[in-house]
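Novice: predicted model follows, preceded by the sequence.
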Amino acid sequence: MDPKSASNLSFILNKPNDVTFADRPVPTLADAHDVLVAVNYTGICGSDVHYWVHGAIGHYVVKEPMVLGHESSGTVVEVGSAVKTLKPGDRIALEPGYPCRRCGPCLSGKYNLCPEMRFAATPPYHGTLTGFWTAPADFCYKLPDAVSLQEGAMIEPLAVAVHIVRQAAVAPGQSVVVMGAGPVGLLCAAVARAFGASTVVSVDIVQSKLDFALSFCATHAYASQRVAAEENAANILREAGLPDGADAVIDASGAEPSIQTSLHVVRRGGTYVQGGMGRADITFPIMALCLKEVTAKGSFRYGSGDYKLAVELVAAGKVDVKRLVSGVVPFREAEDAFKKVKEGEVIKMLIAGPNEKI
Ligand SMILES: NC(=O)c1ccc[n+]([C@@H]2O[C@H](COP(=O)([O-])OP(=O)(O)OC[C@H]3O[C@@H](n4cnc5c(N)ncnc54)[C@H](O)[C@@H]3O)[C@@H](O)[C@H]2O)c1
Ligand SMILES: OC[C@H](O)C(O)[C@@H](O)CO
């Protein structure tokens, strides 16, 4: 594709509930290690919808018009003079956050914690719902022939799940309870299975999501009740046949009742991972944490090796990300697709790039 004759149409958030399309200049390669990519597909994340509706997530506030989107696949159209690993025509999954590579977290191997991170569609940085995008070549992951470009757009949320499940240190034969069966929770459950967990319990408050989780990857599913956290936890463990508690519990909901239940679901000496992002401050059961010597960890985006492993899991047929794609729409229908995600009618919507025919 020739960027000179193609569209760089972008889907731009001006302010809450106000989006437009605009043709912006095609970016040029600023660094010899960068590549220019034509964006093929972009998934809509809950965070994109949150910015669209509220104009902010925590202290990230949209102050200038911002291109949305960060879950993308693309095709390389031009490479910088120092790029040896990619060539025009290569199909890639696009890792959308670029760390400084020089700070303490970067040098310790935790580049996802870089304070200078430039992350797509996190203010003040534009996102990937656009025609063309430049990225460092080592943040572009070549897709094997067996992986489609639509699956390539699912690598981003899958990498989030890979990072969470790695934080949980899930080992073969273990039991894992995943709170929340949205895209991230479903993918955590699938990765936990792929890592060899023998019992994977999905918990949600919406029965249809649990039905899907069972058909997708979970061995058990439980509809969370509005009862005290300890009672809820006891019911989950009874249903799942885990009298001693679960080896690992992952929160992929961000909901306070779910987080409270989690600390009563995890076994003595087990691991709890906070993946969901909800209210900044909640009441947290510190006594259960303390008395059971629970290892509690946070998980933020993805780091070393997570994207690579996510591509490999899809290529090996271990996580069928296609099943999560509810629909694919042309670029000009992006706002309708956002509405569907907001209404909770779908699992994952993909938007075809402005130069993609569907
Ligand atoms: N840690 C990270 O880097 C990272 C990255 C992406 C998303 N997230 C967060 O992960 C979470 C999940 O993302 P998603 O896209 O799947 O969101 P989602 O909103 O689609 O899924 C959340 C699910 O939690 C369920 N839920 C709500 N209350 C519950 C409760 N009390 N018990 C059990 N389930 C409950 C909802 O019904 C829903 O299915 C969100 O909080 C999101 O912000 C974190
Ligand atoms: O998958 C990446 C996440 O959506 C982002 O980190 C977002 O939640 C905050 O910018």
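Specialist: Structure received. Residues are numbered from 1 along each chain as shown. Ligands and ions are numbered 1, 2, ... in the order given.

Novice: ok, residue 142 - contacts?
Specialist: Residue 142 makes contact with 85-86, 90-92, according to Cβ atoms under 8 Å, 6 or more residues apart in numbering. Backbone N, C-alpha and C define where each C-beta goes, glycine included.

Novice: most surrounded residue in those residues?
Specialist: residue 92 (25 neighbours; other Cβ atoms under 10 Å).

Novice: partner residues bridging that one?
Specialist: When bridges are called by DSSP bridges, residue 92 pairs up with residue 74, residue 142.

Novice: quick one, what contacts it?
Specialist: 37, 73-76, 86, 140-143, 152.

Novice: which one of those residues is nearest to residue 268?
Specialist: The nearest member of the contacts of residue 92 to residue 268, counting by Cβ to Cβ, is residue 141 at 39.0 Å.

Novice: and stretch 13-25, average pLDDT?
Specialist: For stretch 13-25, mean pLDDT rounds to 97.

Novice: again, but for stretch 236-244
Specialist: Mean predicted lDDT for stretch 236-244 stands at 98.

Novice: quick revisit: now render the contacts of residue 142 as TSV, adding pLDDT and distance to residue 121.
Specialist: Compiled in TSV, these are given as follows (pLDDT from 0 to 100; distance: Cβ to Cβ, whole Å):
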residue	pLDDT	distance to residue 121
85	97	26
86	98	23
90	98	24
91	98	22
92	98	18
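
Novice: just give the number of residues close to residue 307.
Specialist: 22.

Novice: got the contact list for it?
Specialist: Counted by Cβ under 8 Å, 6+ apart, residue 307 has contacts 93, 95, 139, 141, 155, 159.

Novice: dump the residue contacts of the second one.
Specialist: Residue 95 is in contact with 135, 139-141, 156, 159, 302, 307, counting by Cβ under 8 Å, 6+ apart.

Novice: got it, and the third one?
Specialist: Shown in contact with residue 139 (Cβ under 8 Å, 6+ apart): 94-95, 97-98, 307.

Novice: helix, strand, or coil at the residue in the stretch 101-250 of the chain positioned nearest to ligand 2?
Specialist: For the stretch 101-250 of the chain, the residue closest to ligand 2 is residue 122, as judged by Cβ to the nearest ligand atom, at 4.1 Å. Of the three states, residue 122 takes coil under DSSP: H, G, I helix; E, B strand; the rest coil.

Novice: which of the helices or strands spans the nearest residue to residue 110 once chain neighbours are set aside?
Specialist: With sequence-adjacent residues excluded and distances taken as Cβ to Cβ, 6 or more residues apart in numbering, residue 110 is closest to residue 303, at 5.6 Å. If you go by DSSP states H and E, residue 303 is not part of any helix or strand.

Novice: give me the buried subset of the contacts of residue 92.
Specialist: Neighbour-count burial (16 or more other Cβ atoms under 10 Å) applied to those gives 37, 73-76, 86, 140-143, 152.

Novice: turn the residues you listed into JSON lines, including distance to ligand 1.
Specialist: Formatted as JSON lines, those follow (distance: Cβ to the nearest ligand atom, whole Å):
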{"residue": "37", "distance to ligand 1": "22"}
{"residue": "73", "distance to ligand 1": "18"}
{"residue": "74", "distance to ligand 1": "20"}
{"residue": "75", "distance to ligand 1": "25"}
{"residue": "76", "distance to ligand 1": "26"}
{"residue": "86", "distance to ligand 1": "26"}
{"residue": "140", "distance to ligand 1": "20"}
{"residue": "141", "distance to ligand 1": "18"}
{"residue": "142", "distance to ligand 1": "24"}
{"residue": "143", "distance to ligand 1": "21"}
{"residue": "152", "distance to ligand 1": "18"}
